[in-house]
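1. Kindly generate the corresponding structure for this input.
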Amino acid sequence: MKKEILTEDQDTGYFNSVANPSRRKFFQMSGGLVGAGMLFAACHKSSDSGINLGSGDTGVLNYAYALEQLEAAFYTHVISSPYTGMSADELALLTDIRDHEIAHREFFKAALGSSTIPALTVNFSSITFSDRNSVLTTAQAFEDLGVSAYNGAGRLITDPTYLGVAGKIVSVEARHAGYIRDLLSFNSFASSSAVSASGLDAEATPAAVLATASKYLSSKLNASNLPNR
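-> Got it, this is the predicted structure:
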């Protein structure tokens, strides 16, 4: 059976389903993210200090890849086992979010190539997937975390092409965050808990983001070699 992944169409910016595309074709369809300097040889062995994300732009992209793995796993579980009372509209839109997160995950995995960290093991034991409030509260936490993570990591990226792609992804994560917030409390999508008085979203350092994400991961991540500026 062919493996189905999602790739980005250059003309529309949307992700399309493609069965087993070649890596070269994937890069062509991804708008040129992967250039000559992208695929650094890296070793991401797990040790007592955890899986090393790497350094430079590769490390930052692995950091994003780790977060997308977490979100994709969460929404895949949500859709495979819908909470009690999930409406048809909620199912449709949460399925869209799942597909976006899978697309992001697969995008980073293919782009990083041999520098990709291993697949992570999640731990969702604290989430009651049959309970709407438990699922949506967790979803809000993940989406807000994702937005703050991309905002905080932007300054760490040196290649403008990578920064441009990160900007496209964080805007999608913000759309997710607004929708989830409205499911929990109508018209709260841009409340003061999400957007500052200056009209800006929050940003967070990798250390702060991973401290929160680690609550939902059995795998331990080591971000000590990430850029720090």
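
2. Please, where are all the helices along this structure?
-> According to DSSP state H, the chain carries its helices in the segments 23-29, 56-80, 88-112, 132-153, 160-184, 206-213.

3. and the fourth one with helix 56-80, angle?
-> Here the directions of helix 132-153 and helix 56-80 differ by 170 degrees (axes from the mean of the first three to the mean of the last three C-alpha atoms, to 10 degrees).

4. mean confidence for helix 132-153?
-> Taken as a whole, helix 132-153 carries a mean pLDDT of 95.

5. about what we covered before: can you tell me which of the helices of the chain has the worst average pLDDT?
-> Lowest mean pLDDT of the helices of the chain: helix 23-29, a mean of 41.

6. ok, the spatially most central residue of the chain - contacts?
-> Centroid check for the chain by C-alpha atoms, centre = their mean gives Glu68 as the closest residue, at 2.6 Å. Contacts for Glu68 (C-beta atoms under 8 Å, 6 or more residues apart in numbering) come out as Glu101, His104, Arg105, Phe108. C-beta here means a position set from N, CA and C on the backbone, and glycine is covered the same way.

7. May I see these organised as a markdown table, with distance to Ser87 added?
-> Below are these laid out as a markdown table (distance: C-beta to C-beta, whole Å):
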| residue | distance to Ser87 |
| --- | --- |
| Glu101 | 21 |
| His104 | 25 |
| Arg105 | 26 |
| Phe108 | 32 |
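
8. can you list those residues in CSV and add neighbour count and distance to Val209?
-> Formatted as CSV, the contacts of Glu68 follow (neighbours: other C-beta atoms under 10 Å; distance: C-beta to C-beta, whole Å):
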residue, neighbour count, distance to Val209
Glu101, 26, 16
His104, 26, 15
Arg105, 23, 16
Phe108, 23, 16
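
9. between the residues you listed, which is closest to Phe142?
-> Comparing these against Phe142 with C-beta to C-beta places Glu101 closest, at 9.1 Å.

10. Surely that closest one and Tyr75 touch.
-> Yes: counting by C-beta atoms under 8 Å, Glu101 touches Tyr75, with 5.5 Å between them.

11. if we can go back for a sec, the helices of the chain: which one's closest to Asn225?
-> helix 56-80 (5.8 Å).

12. Check the offset of the closest one from the chain's centre.
-> 4 Å (C-alpha atoms, centre = their mean, to the nearest Å).

13. What are the buried residues along that helix?
-> 56-75, 78 (16 or more other C-beta atoms under 10 Å).

14. Okay then, goodbye and thanks.
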